[in-house]
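> here are the coordinates; sequence isn't available:
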């Protein structure tokens, strides 16, 4: 089971991975309503390395991105759920709209995003690639969307 980490603890995990020659993988998102597409992304991300850290948007950050009705679950609840998923080694919250500052602090070996992104649109791509890392786009699992699920719940 993974753990919810402070930024300092996440930086220590990153340093440990680097010193041990382990591949440190990073992905991020709101993860408000976990669905099979999220699970597939996390499984594929974990396959890319030895340690998977998930950057989780804070409640304030999610509201800024998705509007006043979101998140449906608190950052604490989302952190608990995410950190308990098998592929996830650690979860760290970030309060900004993008994880750029976090990526700059950690400089992961692999940066993973879902197929709704192109490599050119991935925040932190330049920093990761400049350090010799790679950016991986994982295909979306069709038929799953948190926003669509939220709308369905609100209609019913």
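Cool, got the structure. Worth saying up front: this structure is predicted, and the values here are computed from it rather than measured.

> host element of the residue nearest the centre of the chain?
Using Cα atoms, centre = their mean, the residue of the chain that lies closest to the mean C-alpha position is residue 28, 1.8 Å off. Remark: residue 28 resides in strand 24-29, with elements defined by DSSP states H and E.

> and residue 92, by the same measure?
Here residue 92 is covered by strand 90-94, with elements defined by DSSP H and E.

> that strand vs strand 24-29, what angle?
50 degrees (axes from the mean of the first three to the mean of the last three Cα atoms, to 10 degrees).

> could you list every helix and strand that strand 90-94 packs against?
Secondary-structure packing of strand 90-94 (3 or more Cβ pairs under 8 Å, 6 or more residues apart in numbering; DSSP states H and E): strand 3-5, helix 7-19, strand 51-57, helix 75-84, helix 100-106. Quick note: C-beta positions are derived from backbone N, CA and C, even for glycine.

> out of the ones you listed, which comes closest to residue 154?
The stretch from the helices and strands packed on strand 90-94 with the least distance to residue 154 (Cβ to Cβ) is helix 75-84; that distance is 18.7 Å.

> now the closest one, how far from the centre of its chain.
Here helix 75-84 shows a centroid-to-chain-centroid distance of 12 Å under the convention Cα atoms, centre = their mean, to the nearest Å.

> list the buried ones in it?
75, 78, 79, 82, 83 (16 or more other Cβ atoms under 10 Å).

> one more: stretch 5-14?
Of the residues in stretch 5-14, those buried by neighbour count under the rule 16+ other Cβ under 10 Å are 5, 10, 13, 14.

> got any ranges where this protein has weak pLDDT?
Per-residue confidence of the chain (counting by pLDDT under 70) places the weak regions at 144, 146-147, 149-150.

> if we ignore the residues flanking it in sequence, what's nearest residue 55?
The spatially closest residue to residue 55, leaving aside those adjacent along the chain, is residue 28, at 3.4 Å (Cβ to Cβ, 6 or more residues apart in numbering).

> same deal with residue 74?
Using Cβ to Cβ, 6+ apart, the nearest residue to residue 74 is residue 59, at 6.2 Å.
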